[in-house]
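Colleague: Structure for the following, please:
(one chain, ligands or ions: 2)
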Amino acid sequence: MKSVLFKIAGCLAGVTLLFTFAMVYTPCASAKNEKAAASGIPADASFIIKDRGLSPDDVTAAVSTYMPSGKYDEYVMFASGGQSGQVFAIGIPSMRILRTIAVFTPEPWQGYGFGVEETPLTNAPIGGDGQKVMWGDSHHPALSETNGEYDGQYLFIGDKSHGRIAVIDLRDYETKQLADNPLMNNDHGAAFVTPNTEYIIEGSQYSEPLGKVYAPISEYKEKYRGLATFWKFDRALGRIDADNSFAVELPPYWQDLADAGKGPSDGWAFINSFNTEMATGGIEKGNPPFEAGTTERDMDYLHVINWKKAEEAVKAGKFETLNGVKLITLKTAVAEGILYFIPEPKSPHGADVTPSGKYIVVAGKLDPHVTVYGIENIKKAIEAKDFEGTDPYGVPIIRFDAAKVTQVELGLGPLHTQFDNQGYAYTSLFLDSAIARWTVGDDKFTAPEKPWTLVAKTPVQFNVGHIAAAEGDTVSPDGKYFVSLNKWSVDRFSFIGPLLPQNLQLMDISKPGDSMKVLYDLPIGSGEPHYAQIIKADKLKTWEVYPEVGWDTLKQQKSDRMTLEGKVVRNGNNVEVYMPLIRSHFDPEHIEVEEGQHVTLYLTNLERTVDATHGFSICGFNISASIEPGETVTIEFDANKPGVYPYYCLEFCSALHLEMIGYLTVKPKA
Ligand code: RUQ
Ligand code: CUA
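Modeller: Ligands and ions are numbered 1, 2, ... in the order given. I've put the predicted structure just below:
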């Protein structure tokens, strides 16, 4: 059907719509052999096409993304949730939102942050006001990799606003860990993984005194620093292993996005920077604002970090310990050949390694080119000490022309680059509101056009930031589908108030040359997605129900708190309630306590049926739990208000779901 419609669309270009619909039933010459299939388009469909005024391109887009009921998407995209602090799982090509994954922000449906003990939000950092931080600015998701391929096991994402990394287990799509960086209050180059997920890279953004301490801004150059943290990942445990992690001290430039090398560049990490001016702002004091101060120089520095050497230095004890973190100082990083700089134009944003691992593409926001560096050039230049001096902190600067392979002029405001399997790279152009397709001179895939050439620009609506191609960060991208994550939607959707949704546009990139087409606009109305990654759906080995009844989802093992039968255990002021849940009752249905008693509930969902989830809430105690088939959760609270509190199941789990209720009675103190 799809190919037929493509042909119809192709041979009908330029004719009027009315004529078009007549043609659907009498296909033109080039589509003659498809006549039977084409004439299979039902009259109803032709009527709808005509009635809705759909163009041939619209029809192609519609049939490219329509997913019949009960059919599954070929890919799943994990998109950051921006200010919502969450992650969205979105099916491709249908662009249906399948799930919000609660990460940094409480989410009542999933019982995340509302009393359930088995969630990592319990160790959220404490803010300046002494309160727990209950949100995050989720930026860049990274799927775990094996040999440079997404393996579908874990997802990591950075919280820019608090300098954290989250670990999500893709067996149940739940967040298992929030690792707080003890040295920095923010990040941006996070999360990026090395090709076998040895490390999760977290680069800082806005420099600070390391260790979350005070230093006046007047001592910026001496006391403020940037940071690259390499979090060791323990795959068997599914946790970041802080003890075997380390960090590299960086000058107080503002580090931006990062990428890990692969293939010939495996063992290296690349991090952009801006504000190598070390501007400190202070517009209110008559100083140039940050915006001007940070953009004076034509070149900033691509940070090139040899993490394998850093690992050796740590093993050899060449580190200092700060707040429990093994920190390689700038001095050691220089002395051990761990850190180098390469000039990069100008206020760069994305650093992206090509599928072969031979090249690093840097997009400078204020330069119309992307700059391509070669890892062989870089290694040679380091070997030959082909430096153009050092920066004020003694870091050797590799000569620009020695490291550079080429520059490709693309347009205004280049930000991020992705790759496909046809030898093309794609770069988002924020100011042009377009996606540039250009050829990578990479022998892994060869485009029909000449290498390092702009091939086409496709407009997107509007102000694109990140982009994601199917399997686009792996050693073998799939191409085919591509998503443009646009910041402004302006006139694309019905107005729903002055706060407009983001616009995620699906594009077809399956054919070469100037053929990229927008297929679908997905509004996101709950935060600004930054980056996304798209994985082949069949790589995800998701549990349909938890493996055993009584499952602790934080430990991913059987809980010793599970119960098959209801019971209440009283011990002085403590009341422990072991409660199974099954359609359609709780056991017990009465929980009788006295004012001031400490209540602990152990709830186990005994169901083995897919989708037989029960919820649990007690009014007035800020409690909301989701207990999925097999799961055991723990909830503790003080019954400090006398009264009668119904508890009930929040999920419409069965016809008698309204009867799935009980009473907590809190008797006043005598
Ligand atoms: S950064 S597009 Cu984190 Cu580009 Cu937002
Ligand atoms: Cu269980 Cu409703």
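Colleague: so which residue of the stretch 51-200 of the chain comes closest to ligand 1?
Modeller: Across the stretch 51-200 of the chain, no residue is closer to ligand 1 than His139, which sits at 3.9 Å (Cβ to the nearest ligand atom). Yep, even glycine has a C-beta here, placed from its N, CA and C like the rest.
Colleague: which helices and strands does the host helix or strand of that residue pack with?
Modeller: Assigned by DSSP states H and E, His139 falls within strand 138-146. If contacts are counted by 3 or more Cβ pairs under 8 Å, 6 or more residues apart in numbering; DSSP states H and E, strand 138-146 sits against strand 75-80, strand 149-159, strand 189-193, strand 532-536.
Colleague: list the contacts for the nearest residue to Val568 once chain neighbours are set aside?
Modeller: Take Val568 and drop its neighbours on the chain: the residue closest to it by Cβ to Cβ, 6 or more residues apart in numbering is Val577, 5.3 Å away. Shown in contact with Val577 (Cβ atoms under 8 Å, 6 or more residues apart in numbering): Gly566, Lys567, Val568, Val569, Pro588, Ile591, Val599, Thr600, Leu601, Tyr602.
Colleague: What confidence value was assigned to Val577?
Modeller: pLDDT recorded at Val577 is 98.
Colleague: The spatially closest residue to Ile524 that is not a sequence neighbour: neighbour count?
Modeller: Spatial nearest neighbour of Ile524, excluding adjacent residues (Cβ to Cβ, 6+ apart): Gln502 at 4.4 Å. Burial of Gln502 is recorded as 22 neighbouring residues (other Cβ atoms under 10 Å).
Colleague: which residues touch Gln502?
Modeller: Counting by Cβ under 8 Å, 6+ apart, Gln502 has contacts Gly82, Leu485, Asn486, Lys487, Ser489, Pro523, Ile524, Gly527, Glu528, Pro529.
Colleague: Val405 too?
Modeller: Tyr359, Val372, Tyr373, Gly374, Asn377, Gly441, Trp452.
Colleague: next one: the strand or helix carrying it to chain centre, how far?
Modeller: Following DSSP H and E, one finds Val405 within strand 404-409. Mean-position distance between strand 404-409 and its chain equals 29 Å (Cα atoms, centre = their mean, to the nearest Å).
Colleague: Now that strand: buried residues?
Modeller: Neighbour counts over strand 404-409 (16 or more other Cβ atoms under 10 Å) mark Lys404, Val405, Gln407, Val408 as buried.
Colleague: who's the first one bridged to?
Modeller: Going back to what we said before, that points to Lys404. Applying DSSP bridges to Lys404 gives these bridge partners: Tyr373.
Colleague: Which pLDDT value belongs to it?
Modeller: Model confidence at Lys404, given as pLDDT, is 98.
Colleague: Hmm, it is touching Tyr373, no?
Modeller: Yes - between Lys404 and Tyr373 there is a contact under Cβ atoms under 8 Å: 5.9 Å.
Colleague: Quick check: neighbours shared by those two?
Modeller: Common neighbours of Lys404 and Tyr373 (Cβ under 8 Å, 6+ apart) do not exist.
Colleague: how near is the residue in the stretch 351-500 of the chain positioned nearest to ligand 2 to ligand 1?
Modeller: Nearest residue of the stretch 351-500 of the chain to ligand 2: Ile496, at 31.3 Å (Cβ to the nearest ligand atom). Here Ile496 is placed at a distance of 23 Å from ligand 1 (Cβ to the nearest ligand atom, to the nearest Å).
Colleague: That residue belongs to a helix?
Modeller: No - counting by DSSP: H, G, I helix; E, B strand; the rest coil, Ile496 is not part of a helix but coil.
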